[in-house]
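Participant: Fold the following, please.
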Amino acid sequence: MDSWDDIRIFLAVARQDSLSAAGRSLRIDPATVGRRIARLEQAVGQPLFAKSPQGYALTDAGQRLLPHAERAELATQDAAEALAGGAGQLTGQIRIGAPDGCANFILPRVCAAMARDNPELEIQILSQPRVVNLSKREADLAISVSRPTAGRLSVQKITDYHLHVAAADSYLAAAPAIETVADLRHHRVVGYISDMIFDQELDYLSEMATERVHLASNSVSVQLNWLRQGGGIGIVHDFALPFAPELRKVLTGAISLQRAFYLVRHADDRRLERMNRFAAALVAGMRGEVARLEALAQ
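Facilitator: Next comes the predicted model:
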């Protein structure tokens, strides 16, 4: 192989499983990606990928090359940091994967402040109703609602957050009284699509003593807007309540949930001073923002 560029293209195909997806991530034509992979395979004298209807899978030779390619990537990142060092500011692009509640209500203010403090920093937020795959470099780091137990990952607890049952004033005025948890069975429930709950920490139905969701979405933002429109009653993040002044918490003494956010990173990225500084600023900002919004929701 002739250059770091060969390694960069190899890693993109290994992580994306297809030439087209790798091309999009690299911003080059998929045909060019295919030619470069073919040239690399010719240079090493053996196939690195096996093509199937499911995409491009690493061969045994590709699997042997992968850790060396990742170390080369890390060395390149180290060199870039060394050359950019001393400025005291973060630069370049960093992508955060996050569940949509966090992405919509916590990260905008936090990341806007970080961008103001670091004008050359480009922050991307990938809001997904599923766990972001860091091994495929879908993001540089991720925020999750449970602690991962598999993979070479670095995991740090960010902060606890709280959730309560809430509904719009307009709904409560016309609906049957809610005095006990059992009363919730007589109300329209807003919540998640049951077979699309990607983390058990998001399964709140048992807390509401009901098995039926009348208005369901895999998006926290859609659920919140249904509640604001008087669609029913549901579990709401306390940190989202300041964005929905129409909503009122009910049964606060009977139903009060606590969950946590975790910062998940590639284990090797702990060596990168730039990523450590970004992570520290992100964690501090999120802790402050959750506390601020939850105080407003009291």
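Participant: Going by C-alpha atoms from here, please, whenever you check contacts or count neighbours.
Facilitator: Will do.
Participant: Quick one: residues in contact with the longest strand along the chain.
Facilitator: Secondary structure of the chain per DSSP state E: the longest strand is strand 153-168. Strand 153-168 is contacted from outside by 147-148, 227-230, 232-239, 246-252, 255-267, 270, 283, 286-287, 290, 294, using Cα atoms under 8 Å, 6 or more residues apart in numbering.
Participant: Can you select the buried ones from these in ChimeraX?
Facilitator: Remark: buried members of these, expressed as a ChimeraX selection using 16 or more other Cα atoms under 10 Å:
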select :227,228,230,232,233,234,235,236,237,238,239,246,247,248,249,250,257,261,262,263,264,265,266,283,286,287,290,294
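Participant: From the contacts of strand 153-168, which land in helices?
Facilitator: Among these, the ones falling in helices (DSSP state H) are 227-228, 283, 286-287, 290, 294.
Participant: Switch the residues you listed over to JSON lines; also include pLDDT and distance to E179.
Facilitator: Below are those laid out as JSON lines (pLDDT from 0 to 100; distance: Cα to Cα, whole Å):
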{"residue": "L227", "pLDDT": "97", "distance to E179": "19"}
{"residue": "R228", "pLDDT": "97", "distance to E179": "21"}
{"residue": "V283", "pLDDT": "95", "distance to E179": "38"}
{"residue": "M286", "pLDDT": "95", "distance to E179": "34"}
{"residue": "R287", "pLDDT": "95", "distance to E179": "33"}
{"residue": "V290", "pLDDT": "96", "distance to E179": "29"}
{"residue": "E294", "pLDDT": "96", "distance to E179": "24"}
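Participant: out of the residues you listed, which one sits closest to R8?
Facilitator: Among the ones in helices among the contacts of strand 153-168, V283 lies closest to R8 (Cα to Cα), at 29.8 Å.
Participant: And for the closest one, nearest residue in space, chain neighbours not counted?
Facilitator: I158 (5.7 Å; Cα to Cα, 6 or more residues apart in numbering).
Participant: Tell me how many other residues surround the one you found.
Facilitator: For I158, the neighbour count with other Cα atoms under 10 Å is 20.
Participant: Now do stretch 21-39: distance to the chain's middle.
Facilitator: How far stretch 21-39 lies from its chain's middle: 26 Å, per Cα atoms, centre = their mean, to the nearest Å.
Participant: So what touches that stretch?
Facilitator: Contacts for stretch 21-39 (Cα under 8 Å, 6+ apart): 6, 9-10, 12-13, 15-16, 19-20.
Participant: repeat that with 10 Å
Facilitator: Stretch 21-39 is contacted from outside by 1-2, 5-16, 18-20, 40-43, 45-49, 137-138, using Cα atoms under 10 Å, 6 or more residues apart in numbering.
Participant: Of those, select the buried ones using a ChimeraX command.
Facilitator: Applying 16+ other Cα under 10 Å to those leaves a buried subset, and the ChimeraX line that selects it is:
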select :6,7,8,9,10,11,12,13,14,15,16,18,19,20,40,41,47,48,49,137,138
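Participant: what's the closest of the ones in helices among the contacts of strand 153-168 to G101?
Facilitator: Looking at the ones in helices among the contacts of strand 153-168 and their distance to G101, the nearest is V290, at 11.7 Å (Cα to Cα).
Participant: Distance of the closest residue in space to the closest one that isn't next to it in sequence relative to P176?
Facilitator: Distance criterion Cα to Cα, 6+ apart; nearest residue to V290, sequence neighbours excluded, is F239 at 6.1 Å. As defined by Cα to Cα, to the nearest Å, F239 lies at a distance of 27 Å from P176.
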